[in-house]
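Q: any chance you could fold what I've pasted below:
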Amino acid sequence: MEAELTALAASGATAFVGLMVTEAWTQARGRMARFLARGEDVDVVDAELEESREELLAARRNGDEDGAADVTAEWRVRLRRALRDNPGAAEELRGLLDELAPAHSAGTTVSVNHNTIHDGTYNGPVIMAHSIHDGVHTPPEQGPGTR
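A: Predicted coordinates for the structure are as follows:
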């Protein structure tokens, strides 16, 4: 059971810290603060969350991956303690995660980048991509005079 709560705390911290840099943060922050307060002053926890958000934003601006990871680690420890002190909170945390950070569908995701190719001769489509899954098919080879 301890391993399950540790995994839940880790996924919760990752989701919450991920939300810190989204438009959903305002809604998520209040819900998180109420969940984490549990006998503490909600405003104090809310201020701690906002301070963590500022640290995270500064770390990302400065390319400080360790600083960003520290924010996640801090909230992972806090969540693990909250779950250890109140194992019944696990269901509440799962519900909160489902509401605030729903699983993304496995559907197609599209990102648009604008790339430029200079020089050279290209006799067909040029595709620049990180990963391509399904839906991209290349035409049969066409040699000179086959058109």
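Q: so how far is residue 7 from the spatially most central residue of the chain?
A: Nearest residue to the geometric centre of the chain (C-alpha atoms, centre = their mean): residue 18, 4.2 Å. Using C-beta to C-beta, to the nearest Å, we find residue 18 at a distance of 16 Å from residue 7. (Each C-beta comes from the backbone N, C-alpha and C, glycine too.)
Q: got it, and residue 79?
A: Counting by C-beta to C-beta - residue 79 and residue 7 are separated by 11 Å.
Q: comparing those two, which residue is more hemmed in?
A: residue 79 (24 against 11; other C-beta atoms under 10 Å).
Q: need phi/psi at the residue lying closest to that one once chain neighbours are set aside.
A: In space, not counting the residues next to it along the chain, residue 79 is nearest to residue 9; the distance is 3.9 Å by C-beta to C-beta, 6 or more residues apart in numbering. The phi/psi pair for residue 9 (degrees, to the nearest 10) reads phi -60, psi -40.
Q: how about residue 9, what does it touch?
A: The neighbours of residue 9, taking C-beta atoms under 8 Å, 6 or more residues apart in numbering as the test, are 76, 77, 79, 80, 82, 83.
Q: poorly predicted segments of this protein, please.
A: Counting by pLDDT under 70, the chain has low-confidence residues at 1, 101-118, 122, 125-147.
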